[in-house]
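# next comes the sequence, and after it the predicted model I'd like to discuss.
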Amino acid sequence: MKGRVKWVDIAKGIAVSLVVYGHFGTSEAAKSVIYAFHIPLFFFLSGLFFSFDKFPSYKLFLKKRSVQLLIPYLFFNFITYLLWLFIGRKFGSDISSNIHPLKPILGILYGNASNLPHNVPLWFLTCLFSVENLYFFIFRKTSKQQHFFLLLIIVAIAFINYKLNHVFRLPWGIDIALSMLLFYGLGVNLKSEFLEKNRNKASLSGLLIISFFVVLIIARLNGKIEVSDNYFGNYIYFVLGALAGIIFIVSLSMLIAQVKLKYSLLSFLGRNSLIIFGLHLYAGSFVKTISAFVFHLPLSIYETPTVSLLLTIFSIVVLLPVVFFINKYLPFVVGKSRK
């Protein structure tokens, strides 16, 4: 697949916007819906562009994905650790938590959300790296027919792991990776259905409506899940809700691309989702600080969905100069090459 796929960039733009919105104090009901699918969606979209043909050897695979995932992981950890060390733990929400300065450093090596107090969302990058490595080793010598059978076995193993392992968390999100392999594997194996075939507007609209209501129902039944903590509530509900959410966002993104709405902003966010993902918490803290000291707004106002949406918008706007700077002068820190 050469070039960028418009609807995929749109889907990533929507997904990263939902991540930001979900982290900024919106209602628990809204979080239950968003959290039901937004992280599995990222794994599914990542799987769409994996191919064993790209990587004839593991060495080549490891080199490329390390550049694209681990270098950004280290870069954003370095920047945000310094911000946390000199500002966040002295003036931010961690001021009373008494977190030892070495904990985040050890956490960076362990790569789990619970050990990254300076920037929790970065757990996703190590988990995606684990998912891709597991997929490479498990599936590289199997046929497509065997892939689906193996995925079912992995889902069963993930379910057992989820039920039994709530005490000890594995490094680099390996325990979470077992569950996320399903969505990544579906992306890999269904890429021809999603990338090479055009869907008509009527079928997309039908899928959009049905999947939307399924997500709402599942979110109500299952409550808020937390993928970063390896908590999925009812596992069957989790899988169904995640799949419905993926179908919803994919259908919506394809429709937006087809009807030629003004989607350039969503595409831009999708192309730069890694930067937004890595820095949005600090952008949000910056906006909150300005609003508190300049406009004397209480922090409690951010607990409402409407104000959380405004915070999401302003935080992304604040990040735009950073996005342009990184893309122009430091593209290698997000796995890109200079143009």
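Everything's here; your move.
# so residue 233 makes contact with residue 227?
No - the criterion here is Cβ atoms under 8 Å, and residue 233 misses it with residue 227 at 11.0 Å. (Each C-beta comes from the backbone N, C-alpha and C, glycine too.)
# who has more neighbours, these two?
residue 227 (25 against 18; other Cβ atoms under 10 Å).
# tell me where the stretch 201-339 of the chain has helices.
Under the criterion DSSP state H, counting those that start in this stretch, the stretch 201-339 of the chain contains helices at 201-222, 235-258, 264-271, 273-293, 305-329.
# to residue 147, which of those helices lies closest?
Of all those, it is helix 235-258 that lies closest to residue 147, at 16.8 Å by Cβ to Cβ.
# buried set for the closest one?
Using 16 or more other Cβ atoms under 10 Å as the test for burial, helix 235-258 gives 235, 237-257.
# where does the stretch 101-250 of the chain dip in pLDDT?
165-167, 196 (pLDDT under 70).
# show me the strands in it, by range?
Using DSSP state E, counting those that start in this stretch, no strands are found in the stretch 101-250 of the chain.
# I'd say residue 323 and residue 277 touch.
No - using Cβ under 8 Å, residue 323 is not in contact with residue 277, being 11.5 Å away.
# for those two, indicate the residue with more neighbours.
residue 277 (22 against 19).
# can you pull the contacts of the more buried one?
Neighbouring residues of residue 277 by Cβ atoms under 8 Å, 6 or more residues apart in numbering: 16, 19, 121, 124.
# remind me which helix or strand the second one belongs to.
By that I understand residue 19. Assigned by DSSP states H and E, residue 19 belongs to helix 6-23.
# what is that helix packed up against?
Applying 3 or more Cβ pairs under 8 Å, 6 or more residues apart in numbering; DSSP states H and E, we find helix 6-23 packed against helix 28-35, helix 38-47, helix 235-258, helix 264-271, helix 273-293, helix 305-329.
# what strand or helix carries residue 80?
Using DSSP H and E, residue 80 sits within helix 71-83.
# rewinding a little: report the mean per-residue pLDDT for the helix holding residue 19.
Per-residue pLDDT values over helix 6-23 give a mean of 94.
# give the buried residues for it.
6-23.
# that one to helix 305-329, inter-axis angle?
130 degrees (axes from the mean of the first three to the mean of the last three Cα atoms, to 10 degrees).
# who touches helix 6-23?
30-31, 34-35, 38, 41-42, 45, 48, 121, 195, 249-250, 252-254, 256-257, 263, 265-271, 273, 276-277, 280-281, 284, 308-309, 312, 315-316.
# switch the cut-off to 6 Å
31, 34, 38, 41-42, 45, 249, 253-254, 256-257, 263, 266-267, 269-271, 273, 276-277, 280, 312 (Cβ atoms under 6 Å, 6 or more residues apart in numbering).
# related to what we said a few turns ago, residue 78 is nearest to which of the helices of the stretch 201-339 of the chain?
Per Cβ to Cβ, nearest to residue 78 of the helices of the stretch 201-339 of the chain: helix 273-293, 10.7 Å.
# buried residues in that closest one?
Residues of helix 273-293 classed as buried under the neighbour-count rule (16+ other Cβ under 10 Å) are 273-288, 291.
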